[in-house]
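Got a sequence here, can you model it:
(chains A and B)
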Amino acid sequence: DVVLTQTPPTLLATIGQSVSISCRSSQSLLHSNGNTYLNWLLQRTGQSPQPLIYLVSKLESGVPNRFSGSGSGTDFTLKISGVEAEDLGVYYCMQFTHYPNTFGAGTKLELK
Amino acid sequence: VQLVESGGGLVQPGKSLKLSCSASGFTFSSYGMHWIRQAPGKGLDWVAYISSSSGTVYADAVKGRFTISRDNAKNTLYLQLNSLKSEDTAIYYCARSLYYGYNWGQGVMVTVSS
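Below you'll find the model as predicted:
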């Protein structure tokens, strides 16, 4: 199975600070069809996961543009340019280039 | 799009439970569907997938014990959980499969304990 390693496990930030989360894959996530199926999700406390970014860098409808995704192959990054209070929660990367679909262990974003 | 899970609860080890996921707001029969679970305080684990033509795939941890199925006439996805173990305790989410990701339901809790 593809292992996704997220760092850091916990991120302390102040409102307005820019932060980044890394997601490294044990295998390339480039599919033979040319797409890279690497997504980012946010799970707020007590809620189901909410999709933020798909195909590495495309924002889901309604997601603020302070969120951005980048990367290729095995290394990916989620950046939040100016954290807001509503951004707190656990961020997961997930891949579905390879079966079974797998998820990173999560990065918890908390207020400093 | 709305996905509403039901059927969870407290069950003893070795017993069975059947989860349902009622779908609305889209043409259910045209989409593959997933079950994903999350143990208390832990991360997300993919459990099973059923295609629009009812082909199925399972995670190794549940293969032979869980069965995913669908009833397109009722717009409902199912997960039959047999021979339950304490490590199956989790919130179970159903999700619609999109070419670029998932739509998630709100989840249903399954607790396996004597």
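
Now do stretch A:13-33: distance to the chain's middle.
In terms of C-alpha atoms, centre = their mean, to the nearest Å, the centre of stretch A:13-33 is found 5 Å from the chain centre.

okay, now the closest residue to residue A:16 other than its chain neighbours: neighbour count?
Closest residue in space to residue A:16, ignoring its immediate chain neighbours: residue A:82 at 5.3 Å, by C-beta to C-beta, 6 or more residues apart in numbering or on different chains. Using the backbone N, CA and C atoms, a C-beta is placed for each residue, glycine as well. With neighbours defined by other C-beta atoms under 10 Å in any protein chain shown, the count for residue A:82 comes to 13.

what do you get for residue B:107?
Applying other C-beta under 10 Å, I find that residue B:107 has 21 neighbouring residues.

quick one: contacts for it?
Neighbouring residues of residue B:107 by C-beta atoms under 8 Å, 6 or more residues apart in numbering or on different chains: A:48, B:5, B:38, B:91, B:92, B:93.

One more: residue A:59?
Residue A:59 neighbours (C-beta under 8 Å, 6+ apart): A:52, A:53, A:65, A:67, A:68.

Could you spell out the sheet neighbours of the strand or helix carrying the last one, each with its direction?
Per DSSP states H and E: residue A:68 is located in strand A:67-72. Within its sheet, and counting by DSSP bridges, strand A:67-72 is paired with strand A:75-81 (antiparallel).

any idea which helix or strand comes after the partner strand?
strand A:89-95.

now what about whichever helix or strand comes after that following strand, what contacts it?
Later in the chain than strand A:89-95, the nearest helix or strand by DSSP H and E is strand A:102-103. Contacts with strand A:102-103, where a contact means C-beta under 8 Å, 6+ apart, come from A:1, A:2, A:3, A:4, A:92, A:93, A:94, A:95, B:43, B:44, B:45, B:46.

CA atoms of stretch A:6-24 as CSV?
C-alpha atoms of stretch A:6-24 as CSV (Å, rounded to 0.1, in the frame of the first residue of the first chain):
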residue,chain,number,x,y,z
GLN,A,6,2.5,14.1,6.7
THR,A,7,4.7,16.6,8.6
PRO,A,8,4.4,18.2,11.0
PRO,A,9,1.9,16.2,13.1
THR,A,10,0.9,19.4,14.9
LEU,A,11,1.1,23.0,13.8
LEU,A,12,0.8,25.9,16.1
ALA,A,13,-0.1,29.2,14.4
THR,A,14,-1.3,32.7,15.1
ILE,A,15,-4.2,34.3,13.2
GLY,A,16,-2.8,35.7,10.0
GLN,A,17,0.3,33.5,9.9
SER,A,18,1.1,31.6,6.8
VAL,A,19,1.8,27.8,7.3
SER,A,20,2.7,24.8,5.2
ILE,A,21,2.0,21.1,5.5
SER,A,22,4.1,18.5,3.7
CYS,A,23,2.8,15.1,2.4
ARG,A,24,5.4,12.7,1.0
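
how far does that stretch sit from the chain's center?
So, by C-alpha atoms, centre = their mean, the centroid of stretch A:6-24 is 10 Å from its chain's centroid.

what do you get for stretch A:55-62?
11 Å.

For chain A, what lies in contact range of chain B?
A:37, A:39, A:47-51, A:54-55, A:58, A:60, A:92, A:94, A:96, A:99-106 (C-beta under 8 Å from any C-beta of the partner chain).

doesn't residue A:78 make contact with residue A:71?
No. Assessed by C-beta atoms under 8 Å, residue A:71 is found out of contact with residue A:78, at 9.0 Å.

returning to that earlier point: TSV please, covering the contacts of strand A:102-103 and showing pLDDT.
Listed next are the contacts of strand A:102-103 as TSV, based on pLDDT from 0 to 100:
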residue	pLDDT
A:1	95
A:2	97
A:3	98
A:4	98
A:92	98
A:93	98
A:94	98
A:95	97
B:43	96
B:44	97
B:45	97
B:46	97
